[in-house]
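Undergrad: just coords:
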Ligand code: AMP
């Protein structure tokens, strides 16, 4: 595995591989790797000749009061994990390498970004779309792998790829969970021990809503109330949002039909967790 820290060097490597006719699969991450990230890598490994992972905690997608400084980082451990999954290139730029100056041009997301995390984190998806645009120009992948854990991110990036005509196929991969159902996340280490015990209620409440839909419930407010009650009664977390929308359009639903997402964000003392389920309703 080659670790590359400079943009020019990374582009030169990728052009070299493309000249040899190699296909490139790309897994962008912010590091502190877990099974969720490694599942993306395994999917990329199956479908491409060359696998590139990036590790970059992107300051542009964090708000001024968010956890950029506290975001967990452990490059040596990440390197060993990436190597063990047969990643070919690990792109690991510094903030100065990616943003040597205040950016003159950034990407502004117009659709699918005014709800859920986009509403709670103004500018977040502009930061994501900007860094992904840069990374796609640096890595030039045929395919890029993203987790459905960040389902709104997938929906926004589908718009980016389509509107900016990136010759990249986006592959969305199912959420990987702990045994107790908590969605794996780099941020889980910042839960206090009691909060870690409580956190599986996020997924349990989503499953309860899914079950209620299966049993015929079609009222979005009742489903949201069910989730709200479970989380409020069984955890110390503060609900940031619970949303029930069409997917991937992320529009409010008059009636519950087609593909929908139920997504939530809950704040614990040092960390905000997200989770979702995507459900097809006949
Ligand atoms: P992050 O490092 O949190 O920015 O995540 C990098 C990529 O891994 C994103 O596409 C995430 O959606 C994906 N990812 C993170 N956690 C999970 C998970 N539990 N299951 C599947 N994919 C995940």
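TA: Everything's here; your move. Predicted model only: the values in this text are computed from it and were never measured.

Undergrad: Next, the residue in the chain that the ligand sits nearest to: phi, psi?
TA: Closest to the ligand within the chain is residue 147: 2.1 Å, counting by C-beta to the nearest ligand atom. Bear in mind the C-beta positions are built from the backbone N, C-alpha and C, glycine included. Residue 147 has phi and psi values of phi -90, psi 140 when expressed as degrees, to the nearest 10.

Undergrad: That one and residue 43 touch, don't they?
TA: No. Applying C-beta atoms under 8 Å as the test, residue 147 and residue 43 come out as separate, 10.2 Å apart.

Undergrad: Comparing the two, which residue is more hemmed in?
TA: Regarding residue 147 and residue 43, a neighbour count based on other C-beta atoms under 10 Å identifies residue 147 as having more, with 22 against 19.

Undergrad: Next up, the contacts around that one.
TA: Neighbouring residues of residue 147 by C-beta atoms under 8 Å, 6 or more residues apart in numbering: 36-37, 39-40, 154, 172-176.

Undergrad: Same question for residue 157.
TA: Under the criterion of C-beta under 8 Å, 6+ apart, the contact list for residue 157 reads 128-129, 132, 146, 170.

Undergrad: Among the residues you listed, which are located in strands?
TA: In this view, the contacts of residue 157 that belong to strands under DSSP state E are 146, 170.

Undergrad: so where's the stretch 101-250 of the chain shaky on pLDDT?
TA: In the prediction, the stretch 101-250 of the chain carries no residues with pLDDT under 70.

Undergrad: what does it have sitting close to the ligand?
TA: When proximity is defined by C-beta under 6 Å from any ligand atom, the stretch 101-250 of the chain lies next to the ligand at 146-147, 149-150, 173, 175-176, 183-186.

Undergrad: pretty sure residue 204 contacts residue 183?
TA: No. Proximity of residue 204 to residue 183 does not meet the contact threshold set by C-beta under 8 Å, at 12.0 Å.

Undergrad: Compare neighbour counts for those two and give me the winner.
TA: For the pair residue 204 and residue 183, the greater number of neighbours falls to residue 183 (22 against 17), based on other C-beta under 10 Å.

Undergrad: if I pick that one, what's in contact with it?
TA: 36, 149, 175-177, 202-203, 273-275.

Undergrad: okay, the residues you listed in a markdown table with secondary structure next?
TA: Rendered in a markdown table, the data for these read as follows (DSSP: H, G, I helix; E, B strand; the rest coil):
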| residue | secondary structure |
| --- | --- |
| 36 | helix |
| 149 | helix |
| 175 | coil |
| 176 | coil |
| 177 | strand |
| 202 | helix |
| 203 | helix |
| 273 | strand |
| 274 | strand |
| 275 | strand |
